[in-house]
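Student: okay, predicted coordinates and the sequence, questions at the end:
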Amino acid sequence: MEEWTQRIHPDDTAAVMADVQSCFDGATPHYVNEHRVLCKDGSYKWILDRGIIIDRDAAGQPTRMTGTHTDVTARRMAAEALRNAKALAEENARAKSEFLANMSHEIRTPMNGVIGLTQLALNLPASAELRDYLEKIAASSQNLLSILNDILDFSKLDAGQMPLELEPFDLDAMVDNLRGLFEAQIRAKQLDFKIQVQDGTPRDLVGDALRIQQVLTNLLSNAVKFTERGQVVLAITLQKIEDGHALLNFCVEDQGIGIAEEDQEKLFRAFSQVDGSITRRFGGTGLGLAISQSLLRLMDSRFSVRSALGQGSSFSFELRLGIAAEHLDRPRTLRRRTDRQAGELAHKLNEMGHALHGRTVLVVEDNEVNQRVVCEFLKLAGLTSVVANNGQEALNVLAQQRVDAVLMDMHMPVMGGAEATEKIRANPEFARLPIIALTAGATQEERQRCMNCGMNDFIAKPVKPETLLETLCRRISPAADYVAEPPLPAAEGGGFPDAPGFDLDYALELLGGDRELLLELLGLFGQSMEGISDKIGAEATAGNLTAARNHAHKLKGSAANCGAKALCDIVTQLENELQAGRFETATFAAFAAEFERTMATIAAITAAANA
Ligand code: ADP
């Protein structure tokens, strides 16, 4: 026994002894274990060791055991070789997917340029012939982009890197959007297009609207592509409602060329088309259904197909979707594509940007063509742009001039978007400066990454001019700047200039209407409080919350006396938090920005008074 156990591989000994023991105890009737045993030549062999107790003494202790030892080294080696080969194959597949993802990403950048510049060119007056060429470039580049998107999606799905987003969406908006996407094509082919949503189907749902729409778009585009006459129907029916979820059936049916039964199993294979001649006649990558099937799998569903050659096809799938609590969240709206006439874009952007005319946007982007496209969109909208080629240049620009918002590319040489944003936010002066990411990926993950480094919003590339303007309008508030411009000098002798954040009338009342005194007080405040915001920040960061609170307290009193109401409010909040032993960076950033604004206003008031 002793000698036998000593020959077991040290890593296997414990397991062998435990198994033997449980057999001795009667817990298991047989003893079975695979382990390595040391041979005379110093090598190890894998042994399948099987035993059974055949006799026990009166006390129940085992006295005799019998069993077999089988050499299973060859089988173990083969299994290990297989495991290694599988790991290698998986690694290769991952590398391939990564390569595809990177390549598609790289190709998207110049594509952004082609699409953006074509849109701009279409906006200029041009001969009918040139316009025709440009429209063809626009259509081809959109086509190419959708192929790229397919490849990107396919490689992400293949690598298991496609996260699903669960967000509220409006089913009607999705259906409208699909109608808009296919209307023109269907009209051109003179097909009959029916969309039927069963009565009683909940419209406010929760799910990945973009992905569901992607699947339906693919089905509809195939249906239209392969149907010459007759109808195409999109039917959505409610199967049941339970536990706050709706089970919906989506079905796209056509009366087109149909698919032979023996070909139906090929449908969902990547890069495969039912018939080579079809590819040449109709185009396509053969990826659409493979991607759609994988997307459905992610959503716990799958296609069912009914089709007969020459009679048409129907593709359907069921989805279990959450029902959104009414009015809880704003549904995501999905946009439809439109064709444009010359000058229309300029007109539209100009109108959209009306409230922002004259504002300055810093465009941080390393690709020259994309810089040009974004700057032109801004120009058409009546905004001014400043360009930085990377994050470091952006910091330099911000140190020298005032801007109203930053559009920040994520991947740039020298300094990327995330790092640049963190550096900008580290300066309290820029606490409220809108920073909007320009990103190629529109996933929840990517969005989260932008938000984590302090950005306010994001725009997916290729940048659509309307989205750009909508986002800027949402982020640049027309009424309050992130740092107010110093106010204009006083108009008449007795009054004060408009001073945002101040209640000067109240302060004057406090001082018995003594205007000179108030001016003196403001000057004094400006001098004595200079740098106090930095002091508070430094003390609090060093953990000296009491010292920080004392500074804040002093500032609060002075601010109240000279009518700096907004500053007084925020410094009161800061003081209370410090008092409670908390240092909230968000409060401090808001405070620091307000402090800068107050100091600028005071400087302007006193300058105007002295002029
Ligand atoms: P593609 O992007 O090339 O259209 P899909 O994966 O969407 O690729 O479709 C693969 C093939 O399946 C098509 O090339 C066509 O042969 C066949 N197919 C798909 N939908 C239909 C349909 N509604 N009617 C007839 N054939 C279809």
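Tutor: Cool, the structure landed.
Student: neighbours around residue 360, how many?
Tutor: Neighbour count for residue 360, taken as other Cβ atoms under 10 Å: 16. Using the backbone N, CA and C atoms, a C-beta is placed for each residue, glycine as well.
Student: for it, phi and psi?
Tutor: Phi and psi for residue 360, reported as degrees, to the nearest 10, are phi -110, psi 130.
Student: report the contact partners of it.
Tutor: Shown in contact with residue 360 (Cβ atoms under 8 Å, 6 or more residues apart in numbering): 383, 384, 385, 386, 401, 402, 403, 404.
Student: rerun that using 10 Å as the cut-off
Tutor: Under the criterion of Cβ atoms under 10 Å, 6 or more residues apart in numbering, the neighbours of residue 360 are 378, 383, 384, 385, 386, 401, 402, 403, 404, 405, 476.
Student: equivalent analysis for residue 310, please.
Tutor: Listed by Cβ under 10 Å, 6+ apart, the contact partners of residue 310 are 255, 256, 257, 258, 260.
Student: interface residues of the stretch 351-500 of the chain facing the ligand?
Tutor: Taking Cβ under 6 Å from any ligand atom, no part of the stretch 351-500 of the chain reaches the ligand.
Student: pick out the residue in the stretch 351-500 of the chain sitting closest to the ligand.
Tutor: Closest residue of the stretch 351-500 of the chain to the ligand, Cβ to the nearest ligand atom: residue 462 (21.1 Å).
Student: now that residue: closest residue in space that isn't a chain neighbour?
Tutor: Excluding the flanking residues, the one nearest residue 462 by Cβ to Cβ, 6 or more residues apart in numbering is residue 112, at 4.0 Å.
Student: now the host helix or strand of the one you found, how far from the chain's geometric center?
Tutor: Assigned by DSSP states H and E, residue 112 belongs to helix 73-122. Mean C-alpha position of helix 73-122 versus that of the full chain (Cα atoms, centre = their mean, to the nearest Å) differs by 20 Å.
Student: and the next helix or strand past it?
Tutor: Next in sequence after helix 73-122, counting helices and strands by DSSP H and E, comes helix 128-158.
Student: distance from that following helix to the middle of the chain?
Tutor: Computed by Cα atoms, centre = their mean, the chain-centroid distance of helix 128-158 equals 22 Å.
Student: what does stretch 419-431 give?
Tutor: Between the centre of stretch 419-431 and the centre of its chain there are 21 Å (Cα atoms, centre = their mean).
Student: before we move on, what about stretch 566-574?
Tutor: With Cα atoms, centre = their mean, you get 35 Å for stretch 566-574.
Student: I figured the residue of the stretch 351-500 of the chain closest to the ligand was touching residue 138, is that so?
Tutor: No - using Cβ atoms under 10 Å, residue 462 is not in contact with residue 138, being 11.8 Å away.
Student: looking at these two, which one has more neighbours?
Tutor: A side-by-side neighbour count of residue 462 and residue 138, using other Cβ under 10 Å, places residue 462 first with 21 against 18.
Student: pull the contacting residues for the more buried one.
Tutor: Neighbouring residues of residue 462 by Cβ under 10 Å, 6+ apart: 108-109, 111-116, 119, 141-142, 145, 370, 373, 438, 440.
Student: among these, which one has the most neighbours?
Tutor: residue 373 (27 neighbours).
Student: doesn't it lie inside a helix?
Tutor: Yes - assessed by DSSP: H, G, I helix; E, B strand; the rest coil, residue 373 belongs to a helix.
Student: need the pLDDT of it.
Tutor: Looking at residue 373, its pLDDT stands at 83.
Student: roughly how far does it sit from residue 539?
Tutor: Look at residue 373 and residue 539: by Cβ to Cβ, to the nearest Å, they are 47 Å apart.
Student: if we can go back for a sec, now do the helix holding residue 112, average pLDDT.
Tutor: The average pLDDT within helix 73-122 is 83.
Student: just checking, residue 501 is part of a helix?
Tutor: No - counting by three-state DSSP, residue 501 is not part of a helix but coil.
Student: so who does the closest residue to it other than its chain neighbours touch?
Tutor: Closest residue to residue 501 apart from its sequence neighbours, by Cβ to Cβ, 6+ apart: residue 566 at 3.4 Å. Listed by Cβ under 10 Å, 6+ apart, the contact partners of residue 566 are 500, 501, 502, 503, 559, 594, 595, 597, 598, 601.
Student: which parts of the stretch 101-250 of the chain sit against the ligand?
Tutor: So the stretch 101-250 of the chain meets the ligand at 218, 222, 223, 226 (Cβ under 6 Å from any ligand atom).
Student: what number of residues lie near the first one?
Tutor: The criterion is other Cβ under 10 Å. On that basis, residue 218 has 21 neighbouring residues.
Student: which residues does it contact?
Tutor: Residue 218 neighbours (Cβ under 10 Å, 6+ apart): 150, 252, 287, 288, 289, 290, 291, 292, 293, 295, 315.
Student: for the host helix or strand of it, which positions count as buried?
Tutor: Taking DSSP H and E as the criterion, residue 218 maps to helix 209-225. Within helix 209-225, the residues that count as buried by 16 or more other Cβ atoms under 10 Å are 209-225.
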